[in-house]
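**Q** how would this look folded up:
(one chain, ligands or ions: 1)
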Amino acid sequence: MSAPAIAARHISPETYRAVMRHLPTGVAAVCSTDPVSGTQNGMIVGTFASLSMEPALVTFSVMHSSTSWPRIAEAGVFSISLLAQEQQPVCRALSAKGEDKLDAVNWSESVWGTPHIHGSLAWFDCRVEQQFTAGDHIVVIASVLDMTSGEGTPLIFHGGRFGSFREAA
Ligand SMILES: Cc1cc2nc3c(=O)[nH]c(=O)nc-3n(C[C@H](O)[C@H](O)[C@H](O)COP(=O)(O)O)c2cc1C
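**A** Residues are numbered from 1 along each chain as shown. Modelled structure (predicted):
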């Protein structure tokens, strides 16, 4: 079947945001420790998703303008902590611009040398497999070196607000 002869309309960033706000997302903290300075870097992503079971792969995307991602990736191994509903303060701390964001957060070092944020629902230790540019973002595909489950209810971002999961009636 041939494509219909209709020109795609230009989608402005405002339209894109206004429509995409209907999509609820989880909230994940992507962190690593700089092997030279020993300091931590971290950022929040709402684009974290499962990708492949065998091999175990996950994905997320980062804005080109992110200053944290290049520093996180430089460490080689990084962690993903999937945030629980009580962890909105963690989200606030790690989505801010600046240095030493993990100073305001309780975390401990994993066997991989990565920061695992206390109270999270799950922890992943990952290595970058592929990165490629897609529009104004970089798509990251990472292999999972280890993954562990915690307990709790997810923090969910929807319509510009934070909430949690409630079972439908
Ligand atoms: C709920 C939420 C979801 C976000 N999702 C993403 C994302 O998927 N990709 C991204 O690059 N930034 C995302 N951000 C923004 C970054 O966490 C953060 O603001 C930014 O990385 C901080 O700037 P820096 O990277 O220069 O330190 C999100 C922020 C929030 C609050």
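
**Q** who does the residue most central in space within the chain form a beta bridge with?
**A** Taking C-alpha atoms, centre = their mean, the centroid of the chain lies closest to residue 45, which sits 2.9 Å from it. On the basis of DSSP bridges, residue 45 takes part in beta bridges with residue 28.

**Q** so who does it touch?
**A** With contact set as C-beta atoms under 8 Å, 6 or more residues apart in numbering, residue 45 has these partners: 27-28, 30, 60-62. Just so you know, the C-beta spots here come from the backbone N, C-alpha and C atoms, and that holds for glycine as well.

**Q** highest neighbour count among these?
**A** The most crowded member of the contacts of residue 45, judged by other C-beta atoms under 10 Å, is residue 28 (29 neighbours).

**Q** you'd agree that residue is up against residue 59?
**A** No. The criterion here is C-beta atoms under 8 Å, and residue 28 misses it with residue 59 at 11.2 Å.

**Q** what residues are shared contacts of those two?
**A** Shared contacts of residue 28 and residue 59, counting by C-beta under 8 Å, 6+ apart, come down to residue 48.

**Q** near the ligand, which residues of the protein?
**A** Residues of the chain lying close to the ligand (C-beta under 6 Å from any ligand atom) are 27, 43-47, 60-63, 66-69, 91, 95, 97, 157.

**Q** which of those count as buried?
**A** 27, 43-46, 60-62, 66, 68-69, 91, 95, 157 (16 or more other C-beta atoms under 10 Å).

**Q** which of the residues you listed lies closest to residue 110?
**A** Of all those, residue 43 has the smallest distance to residue 110: 17.9 Å, by C-beta to C-beta.
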